[in-house]
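Asks: Sequence and predicted model, in that order:
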Amino acid sequence: MKHHYLIVDSETTSKQTVADFGAVIMDRKGNIVEQFGVLLDGHFGTLPLWSDPRAPAEAFWSTQMRHRRKKHYDDLLTAGQRSICSPALVNLWLARVKGQYDPAVTAYNIGFDWSKCRNTGIDLGIFQTRFCTMKAARAFIATRADYADFCQARGLLTGMGQPRTTADAMAKYVIDRQHAGSLDDEPHTALEDARDYEAPILAHILRNVSRKKLLDASRY
């Protein structure tokens with residue numbers, strides 16, 4: 001069986017459960033063979049979306065901006081780009097892709113997504129092999145001198161002046177080095193983040209690193 005990877009992402013509620021679940025199945029060559037994006041019944045629209053009360057009012061994660069984020073999801077529902085789904089149906093999808101692809105499961109900061117999925121009744125524990133894409137990216141991308149140069153040139157720096165290691169920064173490095181400014185900022189919707197940002201990062205690593213070396217550096 002060919003190696004496949006299940007890349008998951010989640011956006012959360014104020015109660016640390018999943019409001020928005022997204023996932024893609026990717027083969028070793030970086031081809032997306034399936035994608036899945038749903039809003040969770042009993043969580044999205046029932047519980048407030050997570051926000052940071054310390055954030056300035058105009059910031060994306062501020063409490064004041066929650067209504068804009070909620071409206072964007074409502075627009076996706078209206079356009080047919082999302083549906084409301086129970087955690088049980090998400091688990092049925094996960095069981096089916098496990099049987100069909102037997103993928104390794106990963107996420108950018110998998111500990112975060114793992115715990116929020118567990119809080120929501122989404123069972124990622126059915127997958128035997130799991131690893132953290134963020135740990136892999138820090139090991140195999142962030143250590144490059146040209147990554148630091150790229151972040152400096154693009155202003156992708158922390159408050160301490162260090163290169164960011166977010167999925168947004170890593171994806172811009174992977175995709176955008178030859179086409180500055182072509183990749184928009186990460187939208188923070190689960191399917192799009194997994195498909196358009198995290199999958200290219202993992203595909204880039206897999207082109208340069210063996211599966212064994214990847215798992216040894218980032219197993220969860």
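Replies: That came in fine, so what should we check first? All of these numbers come straight from a predicted model, not from anything done at the bench.
Asks: can you give me the strands in this structure?
Replies: Along the chain, counting by DSSP state E, strands occupy 4-12, 18-27, 32-40, 84-85, 104-107, 130-132.
Asks: so which of those strands gets nearest residue 118?
Replies: Across the strands of the chain, residue 118 has its closest neighbour in strand 18-27 (9.6 Å, CB to CB). Every C-beta, even on glycine, is put in place using the N, C-alpha and C of the backbone.
Asks: which ones are touching residue 139?
Replies: 217, 218 (CB atoms under 8 Å, 6 or more residues apart in numbering).
Asks: From residue 213, how far out is it?
Replies: 9 Å (CB to CB, to the nearest Å).
Asks: now swap in residue 86 and tell me
Replies: 38 Å.
Asks: Same question for residue 198.
Replies: Distance from residue 198 to residue 213, by CB to CB: 19 Å.
Asks: between these two, who's got more neighbours?
Replies: Between residue 198 and residue 213, residue 198 has the larger neighbour count (other CB atoms under 10 Å), namely 28 against 14.
Asks: Which residues are in contact with residue 57?
Replies: 64, 65 are the contacts of residue 57 under CB under 8 Å, 6+ apart.
Asks: What of residue 130?
Replies: 104, 105, 106, 110, 124, 219, 220 are the contacts of residue 130 under CB under 8 Å, 6+ apart.
Asks: is it true that the fifth one touches residue 116?
Replies: No. Applying CB atoms under 8 Å as the test, residue 124 and residue 116 come out as separate, 10.2 Å apart.
Asks: list the helices and strands the helix ranked longest in the chain packs on?
Replies: For the chain, the helix that runs over the most residues, judged by DSSP state H, is helix 87-101. Here helix 87-101 is seen to pack against strand 4-12, strand 18-27, strand 32-40 when contacts are counted using 3 or more CB pairs under 8 Å, 6 or more residues apart in numbering; DSSP states H and E.
Asks: Return the distance of the first one from the chain's centre.
Replies: To tie it back to what came earlier, the one meant is strand 4-12. Remark: strand 4-12 is offset 5 Å from the chain centroid, using CA atoms, centre = their mean, to the nearest Å.
Asks: Can you show me the helices along this structure?
Replies: 66-78, 87-101, 110-120, 133-140, 145-154, 167-176, 190-193, 199-208, 211-218.
Asks: so where is the protein shaky, pLDDT-wise?
Replies: 1, 178-181 (pLDDT under 70).
Asks: Most neighbours among the contacts of residue 130, which one?
Replies: Most surrounded of the contacts of residue 130: other CB under 10 Å gives residue 106, at 29 neighbours.
Asks: In contact with that residue, which residues?
Replies: Neighbours of residue 106 in contact, by CB under 8 Å, 6+ apart: 5, 6, 7, 8, 130, 131, 132, 133, 202, 218, 220.
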